[in-house]
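In: Predicted coordinates and the sequence they were generated for:
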Amino acid sequence: MDDTSVLQQIKEAAAYIRGQYAEAPEIGLILGSGLGVIADLVERATVIAYRDIPHFPVSTVEGHAGELLLGTISGKHVLLMKGRFHLYEGYGVDVVSFPVRVMKELGVKTLIVTNAAGGVNTSFEVGDLMLIKDHINFTFRNPLIGPNHNELGVRFPDMSEAYNRGLRQTAHEVASGQGLKLKEGVYLGMLGPSYETPAEIRMIRTLGADAVGMSTVAEVIAARHAGIEVLGFSCISNMAAGILDQPLSHAEVMETTERVKPKFLKLIVGIVAKL
């Protein structure tokens, strides 16, 4: 696919969304497994199925609804992805990051990404919320490979502050005001869809990661390339392989995210109000 067709697809998808919702969203949200409940916060929501948006892929994973919501949270116009796309579904990294390109075209300046992740740091507990301060890209895929178009971003974007320090400080302040203690750490993104082996988790801990998952990294790289500031959260939905000597399951992930829902919703509302 050449640059021209990529740009054209971004513009066509954005034009369709504008036709359904005239206001320009300031904040984008991408929700991970079981965290689509945040969509309940969107007031006067316009709901668009992914399948109706030109060139949009469709999510195939349980816990990912496959809908775009536009409306307001705390008086701010938001665009919310209820369900994301993963490399393990067979999508290319350009497809996974495509919605972020569309967000930029629509005017989004800040992106909040959430995911369900396995806890690698042994001081973490299931149900903790971890503020992502940095990531390690173990998918070995990058959405910027190929010809660069200056309209989308610079050829060699700086990733020294992939997750904005000021936004992280705001998140800590809001959480503290709500009596919530946030963990903070490094997220490592893997391809999946199999969970990691205990040996891989020992390697990942040695490399300096605190949580591991199968998403987020490509979207954040695309966002920073586009000049969008990023705030990221991992819900520690299970302890990673070998830590508790028990098997891992997607059902446990969904159960945990359901349990942390109330505090997570309250936190997101508080943060959006401050942006």
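Out: It's in.
In: OK, contacts around the one residue sitting closest to the centre of the chain?
Out: Note on the chain: the residue nearest the mean C-alpha position is residue 113, at 2.9 Å, using CA atoms, centre = their mean. Applying CB atoms under 8 Å, 6 or more residues apart in numbering, we find residue 113 in contact with 29-30, 32, 132, 216, 219-220, 230-233. Any C-beta I mention is one placed from the backbone N, CA and C, and that applies to glycine too.
In: Residue 198 too?
Out: By CB under 8 Å, 6+ apart, the contact list for residue 198 reads 241-242.
In: Now do it against residue 241, distance only.
Out: Residue 198 sits 5 Å away from residue 241, going by CB to CB, to the nearest Å.
In: go on, residue 151?
Out: To residue 241, residue 151 is 43 Å away according to CB to CB.
In: who has more neighbours, those two?
Out: residue 241 (22 against 12; other CB atoms under 10 Å).
In: quick one, what contacts the more buried one?
Out: 118, 195-198, 200-201, 248.
In: any idea which of those residues has the most stuff around it?
Out: Result: residue 118 is most packed of these (other CB under 10 Å), 26 neighbours.
In: Does that residue touch residue 211 like I think?
Out: Yes - with contact defined as CB atoms under 8 Å, residue 118 counts as touching residue 211 (6.5 Å).
In: my read: residue 104 touches residue 229, true?
Out: No - contact criterion CB under 8 Å: residue 104 and residue 229 do not qualify, at 11.7 Å.
In: quick one on the thing from earlier: from the contacts of residue 241, pick the one nearest residue 273.
Out: Proximity to residue 273 was ranked across these by CB to CB; first place goes to residue 118, at 30.6 Å.
In: avg pLDDT for the helix or strand hosting the closest one?
Out: Using DSSP states H and E, the element containing residue 118 is strand 110-119. Average pLDDT, strand 110-119: 94.
In: Which residues does the helix or strand following it contact?
Out: Counting by DSSP H and E, the next helix or strand C-terminal to strand 110-119 is strand 129-137. Taking CB under 8 Å, 6+ apart as the criterion, the residues outside strand 129-137 that touch it are 113, 117, 124, 162-163, 168, 171-172, 175, 180, 182-189, 207-211, 216-217, 220-221, 231-236, 260, 263-264, 267.
In: helix or strand right after strand 129-137?
Out: With DSSP H and E, the next secondary element past strand 129-137 is helix 165-177.
In: Which strands or helices does that following helix pack on?
Out: strand 129-137, strand 229-239, helix 250-274 (3 or more CB pairs under 8 Å, 6 or more residues apart in numbering; DSSP states H and E).
In: Out of those, which one sits most buried?
Out: Highest mean neighbour count among the helices and strands packed on helix 165-177 (mean count of other CB atoms under 10 Å): strand 229-239, with a mean of 25.
In: Please identify the pairing partners of that strand and their relative orientation?
Out: strand 110-119 (parallel), strand 129-137 (antiparallel) (DSSP bridges).
In: Just put those in JSON lines and tack on distance to residue 55.
Out: JSON lines is the format used below for these (distance: least, CB to CB, whole Å):
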{"stretch": "strand 110-119", "distance to residue 55": "20"}
{"stretch": "strand 129-137", "distance to residue 55": "25"}
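In: Quick one: mean pLDDT over stretch 216-230.
Out: Per-residue pLDDT over stretch 216-230 has a mean of 98.
In: what's the first-to-last distance across it?
Out: One end of stretch 216-230 sits 11 Å from the other (CA to CA, to the nearest Å).
In: Centre of the chain to it, how far?
Out: 10 Å (CA atoms, centre = their mean, to the nearest Å).
In: Need phi/psi at the nearest residue to residue 268 once chain neighbours are set aside.
Out: Leaving aside its chain neighbours, residue 268 sits nearest to residue 38 (5.6 Å; criterion: CB to CB, 6 or more residues apart in numbering). The phi/psi pair for residue 38 (degrees, to the nearest 10) reads phi -60, psi -30.
In: Can you tell me how far residue 38 is from residue 105?
Out: Distance check for residue 38 against residue 105: by CB to CB, it reads 23 Å.
In: Show me which of the two is the more surrounded one.
Out: Between residue 38 and residue 105, counted using other CB under 10 Å, the more crowded position is residue 38 (24 against 20).
In: Let me know the distance separating that one from residue 23.
Out: For residue 38 relative to residue 23 (CB to CB), the value is 19 Å.
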